[in-house]
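Student: build me a structure from this.
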Amino acid sequence: MSENTYEIAQRVAILLMVAVKSVLLYPQAHPAVRQPLQELTAILAGLHNESPEIHLGVVEGTFFLENRLIVSPNSAVADLAERLSKQGIEALTIYSGVTSDDLFRFVTLLGNRNTTAGSLPGELEKNGIRTIRLGIDQKVYGGATEEAGSAPSRTYSDALNAVRETMQEVESGRIPGSDRINSVVDNMVCVTMKDHTTLLGLALIKDYDNYTFTHSVNVGILALSFGSYLGLEQEALRVVNTAGLLHDIGKTRIDKSIINKPGKLSAEEFELMKKHPEVGAQIIGKMKGISAQVAEAVLGHHIKHNRTGYPEWASDRSFGNFAELVAVSDCYDAITTLRSYSVPTLPSAAIDIMHRLSGTSLNGELVEKFEQMMGQYPVGSLVRLDTNEIALVVKPHPMESVKPAVKVIINPQGEVLEKPRLVSLAAAGGTRYASIISAVDPLLKNLDIASYMLA
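Tutor: Below is the predicted model of the structure:
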């Protein structure tokens, strides 16, 4: 960028804010709208001569353009930073070729206070705006698509940070706000409604040093994907996703020595642990902007299908399917996770264990539906093909889908590929690349499955 980047950054911010205010009052052809947009388009075109991508946003409440922070802003720049912060929009990427029409549609979205970081990507796509993206986009301009998995991985990271910050607020003795969680949920629901399998593979991520956080995000993903598979409406998906993300928030009020104890809890310790659903429901009940149905699902996620779980005082309560849907998701992630006191179970074997819990701990009908969603070789299964290759299942029902559904990781000679190959086992013409002959234990192959889901 040129030497006068501070002035340019300030001018870009001013023009954006002027345009946002103008579109609320005037049509696009009005000079009050057209003139700032034309000037802004010209400035951005000049900046794009030096770089095909321009990054702007807010950091700790301060507006930035590339590496320039506006530390002493005028009122217009301060207003823009405040608006972006309130809407959860931390950063934007603007690509070469952006037009004044693109900017008009964008500032119209920005002027709507209901627009959030969660809803913005979908709104940009719906409005045909391809030159502006949420976030610091690392895509090389002119490429066909983002690297596979980059957007879902950012979604996972956002969810993890939101859960961590929310739980840390509780640990500090405060009732957390809901804006961050709600923004993440909006994004996750938007992505999953298009394809219930999009985020499913990310539930394989296991951070054993931060088990409570990653487990919460994984249960949120599983509950959301499962709810979408069952055909739940958008608001119901928001409830089950939020309940999954926050189902263990009550554990923040339990002594860490109990939460992290490597082994069986004593009777006294278990009684304290059993308090976490009702404590969690109480916390969520005090959070503004969170549905009461979320608190109910959190309260009931350990009640068990036959009502022999906890809290005992709620055993006669009517919870509906949300609590049981979260319970199924919670059970699956717990079974397939390595803990200091248990060995992880392979995804297909986890389903068998859940069947044994049907009718007692879990709703048998929901377990059947969950198995249908996951397929014979659930996402995350490592499998041997009849070509003697080892592959990772990345989409449910890989034998039936003509879309790429497995990543080949190890070639027939037993060599780990430097770059996995994404392939379809089934072909549209009825031919088949390969068939699955057995499941493989990733521990025996010393493979980090989660890293391949993100690769």
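Student: only C-alpha atoms for contact and neighbour calcs from this point on.
Tutor: Noted.
Student: please parse the protein into its domains.
Tutor: As given by automatic domain parsing, the domain ranges for the chain are 5-134, 150-374, 382-454.
Student: mean confidence (pLDDT) on the second one, please.
Tutor: Think domain 150-374. The average pLDDT within domain 150-374 is 90.
Student: again, but for the shortest one
Tutor: Within the predicted structure, the mean pLDDT of domain 382-454 is 86.
Student: quick one: distance of that domain to the chain centre.
Tutor: Relative to the chain's own centre, domain 382-454 is displaced by 24 Å; criterion: CA atoms, centre = their mean, to the nearest Å.
Student: list the contacts of the closest residue to Val416 other than its chain neighbours.
Tutor: Using CA to CA, 6 or more residues apart in numbering and skipping residues adjacent in sequence, the residue nearest Val416 is Ile410, 4.4 Å away. Going by CA atoms under 8 Å, 6 or more residues apart in numbering, Ile410 touches 389-391, 416-417.
Student: buried subset of the residues you listed, written for ChimeraX?
Tutor: Only the buried entries of those go into this ChimeraX selection, using 16 or more other CA atoms under 10 Å:
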select :389,390,391,416
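Student: hmm, back to that, what's the most buried one of the domains of the chain?
Tutor: Of those, the one with the most neighbours on average (mean count of other CA atoms under 10 Å) is domain 150-374, at a mean of 20.
Student: do a quick rundown of the strands in the stretch 51-200 of the chain.
Tutor: 53-59, 62-65, 68-69, 91-95, 132-134 (DSSP state E, counting those that start in this stretch).
Student: with mean pLDDT and distance to Leu224 added, can I get the ones you listed in a markdown table?
Tutor: Below are those laid out as a markdown table (pLDDT from 0 to 100; distance: least, CA to CA, whole Å):
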| stretch | mean pLDDT | distance to Leu224 |
| --- | --- | --- |
| strand 53-59 | 86 | 30 |
| strand 62-65 | 86 | 34 |
| strand 68-69 | 78 | 38 |
| strand 91-95 | 90 | 26 |
| strand 132-134 | 89 | 22 |
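Student: tell me which of the ones you listed lies nearest to Phe106.
Tutor: Closest of the strands of the stretch 51-200 of the chain to Phe106 is strand 132-134, at 8.1 Å (criterion: CA to CA).
Student: now, which of the contacts of Ile410 sits nearest Lys256?
Tutor: Closest approach to Lys256 among the contacts of Ile410 (CA to CA): Ala391, at 38.5 Å.
Student: ok, that closest one touching Ala405?
Tutor: No - at 9.8 Å, Ala391 and Ala405 do not qualify as touching, with contact defined as CA atoms under 8 Å.
Student: my guess is Val393 contacts Tyr377. True?
Tutor: Yes - Val393 is in contact with Tyr377 according to CA under 8 Å; the separation is 7.2 Å.
Student: what's the longest helix seen in the chain packed up against?
Tutor: Counting residues, the longest helix found in the chain (DSSP state H) is helix 150-171. Contact partners of helix 150-171 among helices and strands, from 3 or more CA pairs under 8 Å, 6 or more residues apart in numbering; DSSP states H and E: helix 179-194, helix 211-229.
Student: could you dump those helices to JSON lines with distance to Arg83?
Tutor: Compiled in JSON lines, the helices and strands packed on helix 150-171 are given as follows (distance: least, CA to CA, whole Å):
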{"stretch": "helix 179-194", "distance to Arg83": "14"}
{"stretch": "helix 211-229", "distance to Arg83": "28"}
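Student: which residues are in contact with stretch 54-68?
Tutor: Contacts with stretch 54-68, where a contact means CA under 8 Å, 6+ apart, come from 5-6, 9, 13, 47-48, 69-71, 77-78, 80-82, 84-85, 89-95, 136.
Student: ends of it, what's the gap?
Tutor: Stretch 54-68 has an end-to-end distance of 12 Å (CA to CA, to the nearest Å).
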